[in-house]
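J.: fold the following and give me the result.
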Amino acid sequence: MTRPGKIVCVGRNYREHAKELGNDVPSAPLLFLKPPSAVIAVGDAIVMPKASQRVDFEGEIGIVIGARLRKATREQCVAGIRGLVALNDVTARDLQKSDGQWTRAKGFDTFCPIGPIWEGVPPLDDITVVTRVNGVEKQRGNSSEMAFSIPELLSYISHVMTLEPGDVVATGTPSGIAPLAAGDVVEVELVGYSTVRNPVEAEA
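T.: Here you go, the predicted model:
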């Protein structure tokens, strides 16, 4: 897919993930942005920056927007979906904690692998996301477990900022996050829809 205009992400949208980080589930969706310059494709390397001592994977369901959505209802948002992508919200966990906000930790180049787009709208309450590192399953979640559903998220975001065609919404990661190491291969699969697989390298 072409590089999105913006990537809107949702934090702590799975209860078990919030719990593993020692956080409560927020009372409203917790939003942040990743820069388009972070996007890489299948096979491109995730580069761990020297500035961080812990870089984690976060497998997520990515929603690709197909129609302009501004202050849209949930029904309008579902009608405005173009399709799905597997997405890895790579995070410098130590910098996320030390900075007090998430821009640097989430925004390094290569920190947003995105898989090929699956066109269409499947049952949005039954999408399974699986993350594997070196072939070993580390995360498994289903959209039915989200604190805020996909239609709810899209409508909420559209009341904050206009979603444009080509934008991507990353809907949160399930529990099971862990650090990556140079030489690893990490794969995020939306079962039946999209997969992104990337090697991991240390910054030269």
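J.: pLDDT below threshold where in the chain?
T.: 17-18 (pLDDT under 70).
J.: centre of the chain versus the helix ranked longest in it, how much separation?
T.: Counting residues, the longest helix found in the chain (DSSP state H) is helix 150-158. Mean C-alpha position of helix 150-158 versus that of the full chain (CA atoms, centre = their mean, to the nearest Å) differs by 15 Å.
J.: packing partners for the very next helix or strand once past it?
T.: Tracing the chain C-terminally past helix 150-158 and defining elements by DSSP states H and E, one meets strand 168-170 next. Applying 3 or more CB pairs under 8 Å, 6 or more residues apart in numbering; DSSP states H and E, one finds that strand 168-170 contacts strand 7-11, strand 59-65, strand 81-88, helix 150-158. For the C-beta atoms, the positions are set from N, CA and C on the backbone; glycine is no exception.
J.: and the contacts of strand 168-170?
T.: Contacts to strand 168-170, defined as CB atoms under 8 Å, 6 or more residues apart in numbering, come from residues 4, 6-10, 34, 60-65, 85, 87, 89, 114, 153-154, 157, 163.
J.: sort out which residues of the next helix or strand after it are buried, please.
T.: Counting by DSSP H and E, the element after strand 168-170 in chain order, helix or strand, is strand 185-190. The neighbour-count check on strand 185-190 (16 or more other CB atoms under 10 Å) flags Val186, Glu187, Val188, Glu189, Leu190 as buried.
J.: strand 59-65 and strand 185-190, what's the angle between them?
T.: 50 degrees (axes from the mean of the first three to the mean of the last three CA atoms, to 10 degrees).
J.: who are the packing partners of strand 185-190?
T.: By 3+ CB pairs under 8 Å, 6+ apart, strand 185-190 packs against strand 59-65, strand 81-88, strand 128-133, strand 194-202.
J.: so what strands line up beside the next helix or strand after the third one?
T.: Read it as strand 128-133. Per DSSP H and E, the first helix or strand lying C-terminal to strand 128-133 is strand 136-142. Strand 136-142 pairs in its sheet with strand 128-133 (antiparallel), by DSSP bridges.
J.: next, the angle from the partner strand to strand 194-202.
T.: 30 degrees.
J.: strand 128-133 to strand 81-88, inter-axis angle?
T.: Using the same axes, to 10 degrees: strand 128-133 against strand 81-88 is 30 degrees.
J.: any chance you could list what contacts strand 128-133?
T.: With CB under 8 Å, 6+ apart, strand 128-133 has contacts from 57-61, 86, 88, 137-143, 173-174, 176, 178, 180, 184-192.
J.: buried only: go through those residues for me.
T.: 57-61, 86, 88, 138-143, 173-174, 176, 180, 184, 186-190.
J.: ok, how many other residues are close to Leu98?
T.: Just to correct that, residue 98 is Ser rather than Leu. 11 (other CB atoms under 10 Å).
J.: could you check how far it is from Thr131?
T.: Distance, Ser98 to Thr131, using CB to CB, to the nearest Å: 25 Å.
J.: count the neighbours of Ile157 for me.
T.: 22.
J.: so what pairs up with the closest residue to it other than its chain neighbours in the strands?
T.: In this structure, Ile157 finds its nearest non-sequential neighbour in Val8, 5.5 Å apart by CB to CB, 6 or more residues apart in numbering. Beta-bridge partners recorded for Val8 (DSSP bridges): Leu33, Val169.
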